[in-house]
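Enquirer: Sequence and predicted structure below; questions after.
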Amino acid sequence: MSNVEADPAELRCPASDPEHDAHVQILTPRDVPLGGPRAMKVRRTLPQRNRSFIGAWCFADHYGPDDVASSGGMDVAPHPHTGLQTVSWLFTGEIEHRDSGGVHGMVRPGEINLMTGGHGICHSEVSTARTTTLHGVQLWVALPEEARNAPRNFQHYAPGVVQLDGAAVRVFLGSLAGDASPVDTFTPLLGAELLLEPEAAITLDVNESYEHGVLVDTGAVTLQGQPVKQSELGYVAPGCPTLRLTNQANERTRVVLLGGPPFDEEIIMWWNFVGRSHEEIVSFREAWEAGSEQFGQVLGYVGAVPRLPAPKLPNAQLKPRSNPRG
């Protein structure tokens, strides 16, 4: 998915500093229109002023349930990426994916599509004609220095369901609840969908060297005893060997669990680019606007515009934005 903001904020993201974080930090979302006159809105919890990363997860958009008949659905023209991996995970609906690595496939509920855009890639995303409701998350993973120029790649995996007492779990990245995903990443990561039964309380054994985030899709839960509302992201710093989740509702509740060891590198993220310096971001933008083969071409996309133009850069050096201290 593209960041289609006309004036995207520049972010220089430092390594996580869990030593100064509260036991559970609540990250509230902001609404961002996904382009077009009937723009589909997404709720963005990463990045924000209070946190840049959870592990190497650096971007989290949560959208829907969205009535495609009224919103027009998703139609994101070809757009570029560098220095990251995109993770698409749907709850309902279907999205057609095309990229400059030659991949043409569908994003469907319960199936992870992970695209690597290290040195450069471009792709398009369009909800299909048979989609009536669109609902899911789009996530980005920052690539570490040694992998940030990795070649284009695409992986697909449909995890099975692990039944726990009070919850059904799908592990799409990493390992949890005795299950493991075969999808390759460049840093250790955890990604899982959990469906909690009405008023269920579960305790998950997790890697205590990881920091974790719980994004609430439906309903309301408590994390380590602290309430996390719908569309909020609850953050837990490293050092916790277990996560305690309680569904406060009398109906099923869905959450997405993210995790990984603290990311120990600084990045600059602007628009759809992840880099390490102002000059590098400028060069990425110039290459995209010039139609450089660094990003290649998407074949078969038909839309109102053939590709998304890059926004204008700010009239200043891209500046750092740090996590708050204290």
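Expert: Looks like it arrived, so ask away. Numbering: from 1, shown residues only.
Enquirer: excluding its backbone neighbours, what's nearest the most centrally placed residue in the chain?
Expert: When Cα atoms, centre = their mean is applied to the chain, the residue found nearest the centroid is L139 (1.0 Å). Spatial nearest neighbour of L139, chain neighbours left out: V87 (4.2 Å); criterion: Cβ to Cβ, 6 or more residues apart in numbering. C-betas here are computed from N, CA, C, even on glycine.
Enquirer: same check, this time on N272
Expert: Using Cβ to Cβ, 6+ apart, the closest residue to N272 is H81 (5.1 Å).
Enquirer: which residues touch L46?
Expert: Contact analysis of L46 by Cβ atoms under 8 Å, 6 or more residues apart in numbering lists L27, S52, F53, I54, W57, C58, F59, A60, G213, L233.
Enquirer: contact partners of the helix of greatest length in the chain?
Expert: In the chain, with assignment by DSSP state H, the single longest helix is helix 278-289. Counting by Cβ under 8 Å, 6+ apart, the neighbours of helix 278-289 from elsewhere in the structure are 10, 80, 82, 120, 122, 268, 270-271, 273, 275, 294-295, 309-310, 313, 317-318.
Enquirer: Just the buried residues of these.
Expert: Those of those that meet the buried threshold are 10, 80, 82, 120, 122, 268, 270-271, 273, 275, 294-295, 310, 313, 318, by 16 or more other Cβ atoms under 10 Å.
Enquirer: and of the residues you listed, the nearest to A69?
Expert: The closest of those to A69 turns out to be C122 (Cβ to Cβ; 28.9 Å).
Enquirer: show me what contacts the residue nearest to L139?
Expert: I112, N113, L114, Q138, L139, W140, V141, F172, L173, G191.
Enquirer: Give me the pLDDT for the last one.
Expert: Confidence at G191, expressed as pLDDT, is 98.
Enquirer: how deep is it tucked in, by neighbour count?
Expert: Close neighbours of G191, defined as other Cβ atoms under 10 Å, add up to 28.
Enquirer: picking that back up, select from the contacts of V87 every entry located in strands.
Expert: When the contacts of V87 are checked against strands using DSSP state E, the ones located there are I112, N113, L114, Q138, L139, W140, V141, F172, L173, G191.
Enquirer: okay if I get the residues you listed as JSON lines plus distance to G73?
Expert: What follows is the ones in strands among the contacts of V87, written out as JSON lines (distance: Cβ to Cβ, whole Å):
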{"residue": "I112", "distance to G73": "21"}
{"residue": "N113", "distance to G73": "17"}
{"residue": "L114", "distance to G73": "23"}
{"residue": "Q138", "distance to G73": "14"}
{"residue": "L139", "distance to G73": "20"}
{"residue": "W140", "distance to G73": "21"}
{"residue": "V141", "distance to G73": "25"}
{"residue": "F172", "distance to G73": "23"}
{"residue": "L173", "distance to G73": "26"}
{"residue": "G191", "distance to G73": "25"}
